[in-house]
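1. quick one: sequence and predicted model below, then my questions.
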Amino acid sequence: MKLSGAAIIIETLLEQGVDTVFGYPGGAVLNLYDELYKAKDRITHITTCHEQGATHAADAYARVSGKTGVVFATSGPGATNLTTGIASAFLDSTPMVAITGNVATTLIGLDSFQEVDICGITMPITKHNYIVKDVRKLADTIREAFFIANSGRPGPVLIDVPKDVQIAKTEFTPAPKVAVKKQATPSINLAEAVELISSAQRPYIYAGGGVVISDASEELAIFADKIDAPIGTSMMGLSSVRSDNPRFLGMSGMHGKYAATKLMYESDLIIAIGTRFSDRATGNKKEFSNGKKVLHIDIDPAEIGKNIPAYVALIGDVKTVLAELNAVLSKAERKDWAIRVEEIKTCPDSRLEMDPYNLNAETVIKAVNKYAGDAVIATDVGQHQMWTAMYYNFKKPRTFVTSGGLGTMGFGLGAAIGSAVGSRNRTVLFTSDGSFHMNMNEMATAVSFHLPILIVVLNNNALGMVRQWQTLFYGCRYSNTTLNRKTDYVKLAEAFGMKAERLDDFSKLDETIQRGLAHDGPYLIEAVIDSDDKVLPMIPPNGTINDIILKG
Amino acid sequence: MKEENKIILSMLVKNESGVLTRISGLFARRGYNIDSLSVGETDNPQISRMTVMATGDDYIKEQILRQLEKLHDVVIVEALDHSHIVTRELLLIKVNVAQGARSELLEAVSIFRAKVVDLTPTSLTVEITGERSKCEAFIEYLRPFGIAELCRTGITAISRGSGILTPNE
């Protein structure tokens, strides 16, 4: 059967099980969108307002569903608008396939209209990328791209398809999707790891995003019970442990929970699972691993020893490795350590809170927590993101969508759209006046597709996180962080066709949140909070637990 | 103190456009310096062999290897053991020299086992092949004569013995 390149793209996507794509049409993808039109009963296309929103949506879609996120964009500016979204997906290891159109092969290299070398641009932020200049190679390239995006440590792959390649016809032979094999661990390393765990007095489990990605939550909980150890997580690792699990300490690191960070320092063995020891998580690297050993479990061999030296490393799919460990470990009890863990968990420094009778990030987030059931939580980047990480109780994996590695302000609304589509569930977006202004145009998308998204804008009238650093480290010189914008969020949302209200009275908190959550379709709540509220505790950059700031 | 060493990497890569950019880009963005790089097609036209010399301690060596292994276009990469390899570099050097001063130069060419590849009344162009240290010694010898132009290929290397660099299955 002879098909055009554009039709081959659609057919191979269907082969890979794709039923939803995000994107934005344009001149160099007219043929692709024409085929999409014919396939509209088989593939849903979510048209965003801007290509960046589409990539964040595809990224979040993948994070909540475990499937591959797919995004389309046209050549030139369409393609360059994808870059922040691709980089976000790359840093957080999300499987994504981006397909861009380009000018015809005869026009490439001539600075033609809307021509850009998107492969050159995205080389450092993709696992791999392709420009397909021969239609006969198109189907296999797309199949390979899906395989690469999902194999080993997942990540984004970009395929650039010039317009004439979309038009050209060739014989198309269907092929089944190739499954990605899980890597097992060599038994010698497994024995070393078991020995290391058995000899530890104070083991501490540090779970990262890899636990979420490999769906290893159950194995992790069993592992923690077996070795009688507490669990702290990186930000990306949140949702991998049910927050009502008594072993769960919360997020550790720069803005971690006191107990999670303190006990990490007191441990003699850190069992790091699916995490890369980001500088935000470790602080001072030398002090961090001082006097303790590290057992590092990760699928990416390049992460072993990159940031923190590993005493023993187990390389492989986290779920598989944990299952293997669970099978050979015998149940241990570490009473002294358990007593110490309880002591720290219940000490006054672990129980810091904001005023419970006032409108602030903690009361707002906890109110959402109370009524939102198993909704997916998305965030933008900054103080509100840290507060969400600290105060929200995640109940099941893949319910926290946030830009961890790249820290992309403007990630949230696009991500909430992808999350609502991918989870077929309500999504609550916690954002702030700073981040929300970056990509608020996507309100139109949420309205057009009638998505169940509750947007909570924690408005502190400032770029809060930068302001916090200016307060603590720059002598309160608030350079360009006091926003004083005159934006009327309620009118703005209404202009986009979205219901909205302003919350500035603590006594109305619960009812407002309930109204927002019960609403059929997107809803915005502007919650007014104080400019000077801080994210605490905080360990200053390159600091240790001894430098922790507990009170503002 | 970590010891800074010369790292010699040998790799088989896919012979496709953009591969060189991908590899050199990885070195650049992770902050590793490439001292020299040479690349050419192998007996299999779909595969090129690349030899990269870089500087760094064991940590950097491990990281470069692991990061290169992640590139889809890298079929296999190996750090060569300095005590068990043959390395070669080729140099072309042009020296502007009057006819009268030639004899001393020609003597050096013969001692270094180099080869004169071009001769004019005012210039002499020499080709020399050998280990990096030999090439450098030759350059130093010629420097007082006034080197007009110099180009070097960068080292290429192969392990001694019967071991071969083959793709992992």
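-> Happy to help now that I have it. Residues are numbered from 1 along each chain as shown, chains lettered A, B, ... in the order given.
2. for chain A, what lies in contact range of chain B?
-> Along chain A, the residues adjacent to chain B under the rule CB under 8 Å from any CB of the partner chain are A:119-120, A:123-124, A:127-128, A:148, A:152, A:300-302, A:304-306. Where you see a C-beta, it was placed from the backbone N, CA and C, and this is true even at glycine.
3. per-domain residue ranges of chain B.
-> Residue ranges of the domains in chain B are recorded as B:5-79, B:86-156, according to automatic domain parsing.
4. follow-up on the earlier one: export the residues of chain A next to chain B to CSV and tack on neighbour count and distance to residue A:513?
-> Formatted as CSV, the residues of chain A next to chain B follow (neighbours: other CB atoms under 10 Å in any protein chain shown; distance: CB to CB, whole Å):
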residue, neighbour count, distance to residue A:513
A:119, 22, 46
A:120, 13, 47
A:123, 18, 44
A:124, 14, 42
A:127, 24, 40
A:128, 21, 44
A:148, 22, 42
A:152, 17, 41
A:300, 19, 40
A:301, 19, 45
A:302, 18, 43
A:304, 23, 44
A:305, 18, 46
A:306, 19, 42
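5. tell me which of those residues fall in helices.
-> In this view, the residues of chain A next to chain B that belong to helices under DSSP state H are A:119, A:120, A:148.
6. run through the residues that contact the last one.
-> In other words, residue A:148. Neighbouring residues of residue A:148 by CB atoms under 8 Å, 6 or more residues apart in numbering or on different chains: A:127, A:128, A:155, A:157, B:72.
7. what about the third one, how many residues nearby?
-> Neighbour count for residue A:155, taken as other CB atoms under 10 Å in any protein chain shown: 24.
8. now for the nearest residue in space to residue A:75 that is not next to it in sequence, how many residues are close by?
-> Setting aside the residues directly before and after it, residue A:75 is nearest to residue A:28 in space (CB to CB, 6 or more residues apart in numbering or on different chains), at 3.7 Å. Neighbour count for residue A:28, taken as other CB under 10 Å: 26.
9. counting by contacts, list what the lowest-mean-pLDDT helix or strand in chain B packs against.
-> Considering only helices and strands, the least confidently modelled element of chain B by mean pLDDT, DSSP states H and E is helix B:102-111, at a mean of 92. The contact analysis (3 or more CB pairs under 8 Å, 6 or more residues apart in numbering or on different chains; DSSP states H and E) places helix B:102-111 against strand B:115-119, strand B:123-130, helix B:132-142.
10. next, the angle helix B:132-142 makes with that helix.
-> For helix B:102-111 against helix B:132-142, the angle between stretch directions is 170 degrees (axes from the mean of the first three to the mean of the last three CA atoms, to 10 degrees).
11. follow-up on the earlier one: what's the closest of the residues of chain A next to chain B to residue A:528?
-> Sorting the residues of chain A next to chain B by how near they are to residue A:528, with CB to CB, puts residue A:124 at the top with 40.6 Å.
12. where does the residue of chain B found nearest chain A sit, in terms of helix or strand?
-> Of chain B, the residue with the smallest distance to chain A, taken as CB to the nearest CB, is residue B:66 at 3.6 Å. Using DSSP states H and E, residue B:66 sits within helix B:58-70.
13. before we move on, the earlier item: give the buried residues for the least confident helix or strand of chain B.
-> Under the neighbour-count criterion of 16 or more other CB atoms under 10 Å in any protein chain shown, helix B:102-111 has B:102, B:105, B:109 buried.
14. low-confidence bits of chain B, can you list those?
-> For chain B, residues meeting the criterion pLDDT under 70 lie at B:1-4, B:168-169.
15. residue in chain A nearest to chain B?
-> Checked against chain B (CB to the nearest CB), the nearest residue in chain A is residue A:302, 3.6 Å away.
16. OK, contacts around the closest residue in space to that residue that isn't next to it in sequence?
-> Here the nearest residue to residue A:302 in space, its sequence neighbours aside, is residue B:66; by CB to CB, 6+ apart that works out to 3.6 Å. Contacts of residue B:66 were listed using CB under 8 Å, 6+ apart, and they are A:301, A:302, A:304, A:306.
17. residue contacts, residue B:13?
-> Contacts of residue B:13 (CB under 8 Å, 6+ apart): B:19, B:23, B:39, B:47, B:48, B:49, B:50, B:73, B:74, B:75.
18. quick one: distance of the helix or strand containing it to the chain centre.
-> Assessed by DSSP H and E, residue B:13 sits inside strand B:5-14. Distance, stretch centre to chain centre, for strand B:5-14: 11 Å (CA atoms, centre = their mean, to the nearest Å).
19. following element in sequence after that strand, please.
-> Taking DSSP H and E as the definition, the helix or strand that follows strand B:5-14 towards the C-terminus is helix B:19-30.
20. what comes up buried for that next one?
-> Under the neighbour-count criterion of 16+ other CB under 10 Å, helix B:19-30 has B:19, B:22, B:23, B:26, B:27 buried.
21. one step back: which one of the buried residues of helix B:102-111 is nearest to residue A:273?
-> Distance to residue A:273, by CB to CB, is smallest for residue B:109 among the buried residues of helix B:102-111, at 62.5 Å.
22. confidence score at residue A:351?
-> According to the prediction, residue A:351 has pLDDT 86.
23. against residue A:224, how distant is it?
-> With distances defined as CB to CB, to the nearest Å, the gap from residue A:351 to residue A:224 amounts to 23 Å.
24. these two: which is more packed in?
-> Taking neighbours as other CB under 10 Å, residue A:351 and residue A:224 compare with residue A:224 leading, 22 against 10.
25. and the end-to-end length of stretch A:539-552?
-> Counting by CA to CA, to the nearest Å, the length from the leading to the trailing residue of stretch A:539-552 is 13 Å.
26. do the same with stretch A:390-410
-> 20 Å.
27. and that stretch, how far from the chain's centre?
-> 6 Å.
28. swap in stretch A:285-294?
-> 27 Å.
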